[in-house]
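[1] Sequence below, structure please.
(one chain, ligands or ions: 1)
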Amino acid sequence: MDIAGNTVFIPGATSGIGLALALRLQQEGNTVIVGGRRTALLEQIVAEHPGLHAVQIDTTDPVSIQRAAAQVLADHPDVDVLVTMAGIMRVEDWTTSQFLSSAEETVTTNLLGPIRLIAAFVEHLRSRPAATIMTVSSGLAFAPLRITPSYNATKAAVHMLSESLRLQLAGTSVSVVELEPPSVRTALLPGQEESEFAMPLADFVDEVTELIRTQPDAREIQVENVKFLRYGEARGDYDHVVATLNHLDPHGN
Ligand SMILES: NC(=O)c1ccc[n+]([C@@H]2O[C@H](COP(=O)([O-])OP(=O)(O)OC[C@H]3O[C@@H](n4cnc5c(N)ncnc54)[C@H](OP(=O)(O)O)[C@@H]3O)[C@@H](O)[C@H]2O)c1
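    Alright, predicted model coming up:
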């Protein structure tokens, strides 16, 4: 993916990584459409950032995805980058049956959401001379945080989906890029915006932008901080990675 000149749709950009990336990509010379459920935030974001576009979307709802996709394709027929950013993270205790609704909600948002979004856009993206599907996994796709089993599982699934999709789309105009954030200071989990273990959001987006600029053909966007989790198994220190991750985590006890 080139750093400039794209038309980018980011469902999941009313806050956090999605919003910060949207603003940075706009600065870099892209047309950007942000999406999310919170209409008041969408209106505020568009008012504060002239040139940015917004579409209301709930990625847990197939009808909402179809409606939003139709609107994006009608208003921006040159859209050539889809970033499946929307995600949730819930603390769960699987030692009781209380986790089930959280697990279902997490799978619907983090896994079915990207699948339905890709289904809504893939044929259009294939019609563009060059296009990108950017999926969003996590360092936790590669090493589990004890308190968030469903989240870890959905992100591992997004990783394997990205790998598989890349094989199917090989030889087409569509590239598949997987963004793998480490812990970043956002509102994803309560307390995470202040966490000393999480990376400042601006530093993360700076590093991501530089990686896209310098490695436009990369399959995975990996800032330095994620490599501890990402490559534990390959390095052979997976048990140490899992122990360290769960020992460091402030929600771990
Ligand atoms: N922060 C981290 O440490 C970290 C690490 C690894 C991966 N990630 C991933 O990065 C992505 C962004 O998370 P974040 O950290 O930036 O958290 P965030 O600030 O909570 O942002 C989540 C975004 O997803 C949107 N969203 C959630 N459910 C949605 C739904 N049903 N329909 C449409 N939009 C929905 C939210 O918008 P609305 O509420 O307005 O709908 C919001 O814009 C997620 O996929 C997350 O798993 C984050």
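
[2] Does residue 133 lie in a helix or a strand, and which?
    With secondary structure defined by DSSP states H and E, residue 133 is part of strand 131-136.

[3] same question, residue 160
    Here residue 160 is covered by helix 149-169, with elements defined by DSSP H and E.

[4] roughly how far is that helix from the heart of the chain?
    Relative to its chain's centre, helix 149-169 lies at 12 Å (Cα atoms, centre = their mean, to the nearest Å).

[5] same question, stretch 52-66
    15 Å.

[6] sorry, back to before: partner strands of the strand holding residue 133, with direction?
    Strand 131-136 has its sheet partners listed here by DSSP bridges as strand 81-84 (parallel), strand 174-179 (parallel).

[7] Let's have these in JSON lines, adding distance to residue 230 and mean neighbour count.
    For glycine as for every other residue, the C-beta is placed from the backbone atoms N, C-alpha and C. JSON lines is the format used below for the strands paired with strand 131-136 (distance: least, Cβ to Cβ, whole Å; neighbours: other Cβ atoms under 10 Å):
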{"stretch": "strand 81-84", "distance to residue 230": "19", "mean neighbour count": "26"}
{"stretch": "strand 174-179", "distance to residue 230": "11", "mean neighbour count": "22"}
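
[8] Contact partners for residue 4?
    28, 29, 30 (Cβ atoms under 8 Å, 6 or more residues apart in numbering).

[9] mind checking pLDDT for it?
    Per-residue confidence at residue 4 stands at 98 (pLDDT).

[10] Give the helix, strand or coil label for it.
    coil (DSSP: H, G, I helix; E, B strand; the rest coil).

[11] Would you report the backbone torsion angles of it?
    Backbone torsions of residue 4, given as degrees, to the nearest 10, read phi -130, psi 160.

[12] one step back: residues contacting the strand holding residue 133, please?
    When contacts are defined by Cβ under 8 Å, 6+ apart, strand 131-136 is touched by residues 1, 6, 12, 17, 80-85, 87, 114, 118, 121-122, 125, 158, 161-162, 165, 169, 173-179, 181, 221.

[13] In the contacts of residue 4, which residue is surrounded by the most others?
    residue 30 (19 neighbours; other Cβ atoms under 10 Å).

[14] is any part of the helix holding residue 160 close to the ligand?
    No - Helix 149-169 lies out of reach of the ligand by Cβ under 6 Å from any ligand atom, never closer than 6.6 Å.

[15] Residue 239: how many residues sit nearby?
    Per other Cβ under 10 Å, the neighbour tally for residue 239 reads 11.

[16] Distance check, it against residue 25.
    Computed with Cβ to Cβ, to the nearest Å, the distance linking residue 239 and residue 25 is 38 Å.

[17] What of residue 31?
    Using Cβ to Cβ, residue 31 is found at 9 Å from residue 25.

[18] Which one of these two is surrounded by more residues?
    Neighbour tally, residue 31 and residue 25, criterion other Cβ under 10 Å: the higher count belongs to residue 25, 26 against 19.

[19] how about TSV for the strands paired with strand 131-136, with mean pLDDT and distance to the ligand added?
    Rendered in TSV, the data for the strands paired with strand 131-136 read as follows (pLDDT from 0 to 100; distance: least, Cβ to the nearest ligand atom, whole Å):
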stretch	mean pLDDT	distance to the ligand
strand 81-84	99	8
strand 174-179	98	8
